[in-house]
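Enquirer: after the sequence you'll find the predicted model.
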Protein chains: 2
Amino acid sequence: MGEQPGRRRDAAATRQALLDAGAKLFAERGFDRTTVRDIAELAGANQALLFRYFGSKEALFEEVIARSGREHLETHPPERLLSASLRSMLEPGGDRNRTLETYLRSSGSGDVGAVLRQEIGDEYARILATLTDAPDAELRADLALAWLMGIGVVRELTGKQPLAGADPDDIVRLVVTAVRTLLERAE
Amino acid sequence: MGEQPGRRRDAAATRQALLDAGAKLFAERGFDRTTVRDIAELAGANQALLFRYFGSKEALFEEVIARSGREHLETHPPERLLSASLRSMLEPGGDRNRTLETYLRSSGSGDVGAVLRQEIGDEYARILATLTDAPDAELRADLALAWLMGIGVVRELTGKQPLAGADPDDIVRLVVTAVRTLLERAE
DNA sequence: CCGGTTTGTAAGCAGCTGCTTACAACGCTA
DNA sequence: TAGCGTTGTAAGCAGCTGCTTACAAACCGG
């Protein structure tokens, strides 16, 4: 990508460029449809370096997921995690967090990065579960998380209208209200 | 698969076997990770027949989606569509409807079967939208549909606990209650 | 029973995939 | 500046992919 004139050989920068390119493409296309050649080209690097620095396509993927996944969790308090994650998924912009997109675009049973994805999901749900004192708090938190994922699927992956073109504020308002009901309603 | 002794050569039966095998594998693995060789093997047919009867892997996929997608819509009234679809996704069993799984396991931008998937989604949402008289009924219906998809993602695709192992009754109860709030709450 | 059509089979092609290897260019340190 | 490890490059390999082709076996109307 943008190569600095003073550093024509820089392993750390190349590694980072590959990581960034991988993050972008995995989020856009999923794991299967992203090729190591595409990643290397977008990073402006030789594809052999991908294997030198990461070992395999799968290892690069896991590093992408691990890094991007924790950012949101560390920067938002529990009561705003849901709306913050929702907003970051809804609002366009180059530097937004694409964890959920990457997460849900990569499927399969005996899957790649499955352990990491599970850890991140657990972390999200654990935090959301602190917002309710219902006995089945964790199940309710999972359902809230599932809603996030579903909105991501429908918007970014199928582009269904009117949801795909709706105002993020409207979506957040509707979802937060209903989720509040979901979490607060003890029986 | 199970070959009748009286009909050793039967184009219609072979076509159907390929369709069934494709439906199963596409739902389990998604489009990309399902190979035409796998489909042919599961169907007990030669893979060349797949191309003779359907033309391409993509055309077979579209036929699978088109057929399975309409079944639910035609057999459930609006007020039970949500819970019925949710249940069919949650409850194990060989002959359940796997439209949503197939739907969400196949992603990508310039995508395969995109038009058909959109039609099915529109149909679901249109029916759900009849359940509310809010001005943004369609957006609310989309959000309800998105929740369905999300629950499918989290359960079948990531296997996250406790959601993946929860009692379908509990899930349906929580979701239906919250969705009722989502749909009924006019402002 | 004959001739042509339908159904099934085996083999292979071209292209792409993840990954490896052999080698050249560079830059630091002694 | 000589030596050497680091960084980058080009080429290619083996395996898999969707798809095609050439051909054999079964079927059916005449």
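Expert: Alright, I've got the coordinates.
Enquirer: any idea how far residue B:20 is from whichever residue of chain A sits closest to chain B?
Expert: Closest to chain B within chain A is residue A:150: 2.4 Å, counting by C-beta to the nearest C-beta. Backbone N, C-alpha and C define where each C-beta goes, glycine included. Separation of residue A:150 from residue B:20 (C-beta to C-beta, to the nearest Å): 28 Å.
Enquirer: quick one: pLDDT of residue A:96?
Expert: With respect to pLDDT, residue A:96 scores 55.
Enquirer: before we move on, what about the one 10 residues further on?
Expert: pLDDT, the model's per-residue confidence, is 66 for residue A:106.
Enquirer: same question for residue A:24.
Expert: Value for residue A:24, per-residue pLDDT: 92.
Enquirer: got it, and the one 10 residues further on?
Expert: As summarised for this prediction, residue A:34 has a pLDDT of 93.
Enquirer: number of residues surrounding the residue nearest to it when sequence neighbours are not counted?
Expert: Nearest residue to residue A:34, sequence neighbours excluded (C-beta to C-beta, 6 or more residues apart in numbering or on different chains): residue A:25, at 4.4 Å. When neighbours are counted by other C-beta atoms under 10 Å in any protein chain shown, residue A:25 registers 21.
Enquirer: my guess is residue A:25 meets residue A:42, correct?
Expert: Yes - contact criterion C-beta atoms under 8 Å: residue A:25 and residue A:42 qualify, at 6.6 Å.
Enquirer: from residue B:11, how far out is the residue of chain A closest to chain B?
Expert: Distance from residue A:150 to residue B:11, by C-beta to C-beta: 40 Å.
Enquirer: what about these two, which has more around it?
Expert: Between residue A:150 and residue B:11, residue A:150 has the larger neighbour count (other C-beta under 10 Å), namely 25 against 10.
Enquirer: what's in contact with stretch A:44-54?
Expert: Stretch A:44-54 is contacted by residues A:1, A:3, A:11, A:14-15, A:17-18, A:36-37, A:39-40, A:57, A:60, A:63 when judged by C-beta atoms under 8 Å, 6 or more residues apart in numbering or on different chains.
Enquirer: closest to residue A:159 out of these?
Expert: residue A:39 (24.6 Å; C-beta to C-beta).
Enquirer: any chance you could map the helices in chain A?
Expert: A:11-29, A:36-43, A:47-54, A:57-75, A:78-90, A:99-104, A:114-129, A:137-152, A:168-184 (DSSP state H).
Enquirer: low pLDDT regions in chain A?
Expert: A:1-8, A:69-73, A:92-101, A:103-117, A:185-187 (pLDDT under 70).
Enquirer: near DNA strand C, which residues of it show up?
Expert: A:8-9, A:34-37, A:47-48, A:51, A:55-58 (C-beta under 7 Å from any atom of the strand).
Enquirer: with distance to residue B:180 and neighbour count added, can I get those residues in TSV?
Expert: Output for the residues of chain A next to DNA strand C, formatted as TSV (distance: C-beta to C-beta, whole Å; neighbours: other C-beta atoms under 10 Å in any protein chain shown):
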residue	distance to residue B:180	neighbour count
A:8	63	7
A:9	62	6
A:34	40	23
A:35	46	13
A:36	48	17
A:37	50	10
A:47	53	16
A:48	57	10
A:51	53	15
A:55	50	11
A:56	48	12
A:57	45	18
A:58	43	13
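Enquirer: go back to those residues and keep what's next to DNA strand D.
Expert: Okay, of the residues of chain A next to DNA strand C touching DNA strand D (C-beta under 7 Å from any atom of the strand), that's A:9, A:47, A:48.
Enquirer: residue A:76 and residue B:146, how far apart?
Expert: For residue A:76 relative to residue B:146 (C-beta to C-beta), the value is 22 Å.
Enquirer: neighbour count: the two, which is higher?
Expert: Each of residue A:76 and residue B:146 has its neighbours counted (other C-beta under 10 Å); residue B:146 has more, 27 against 16.
Enquirer: which residue sits closest to that one, ignoring its sequence neighbours?
Expert: Residue B:146's closest residue in space is residue A:150 (C-beta to C-beta, 6+ apart), at 3.8 Å.
Enquirer: residue contacts, the one you found?
Expert: Taking C-beta under 8 Å, 6+ apart, one finds B:145, B:146, B:147, B:148, B:149, B:150, B:151, B:152, B:153 in contact with residue A:150.
Enquirer: quick one: residues contacting the residue nearest to residue A:132 when sequence neighbours are not counted.
Expert: Distances taken as C-beta to C-beta, 6+ apart put residue A:183 closest to residue A:132, at 4.0 Å, once the chain neighbours are dropped. Residue A:183 is in contact with A:128, A:131, A:132, A:134, A:137, A:140, A:141, A:144, counting by C-beta under 8 Å, 6+ apart.
Enquirer: what's the local residue count around the first one?
Expert: A count of nearby residues for residue A:128, using other C-beta under 10 Å, gives 25.
Enquirer: distance of the closest residue to it other than its chain neighbours from residue B:160?
Expert: Using C-beta to C-beta, 6+ apart and skipping residues adjacent in sequence, the residue nearest residue A:128 is residue A:141, 3.8 Å away. According to C-beta to C-beta, residue A:141 and residue B:160 sit 10 Å apart.
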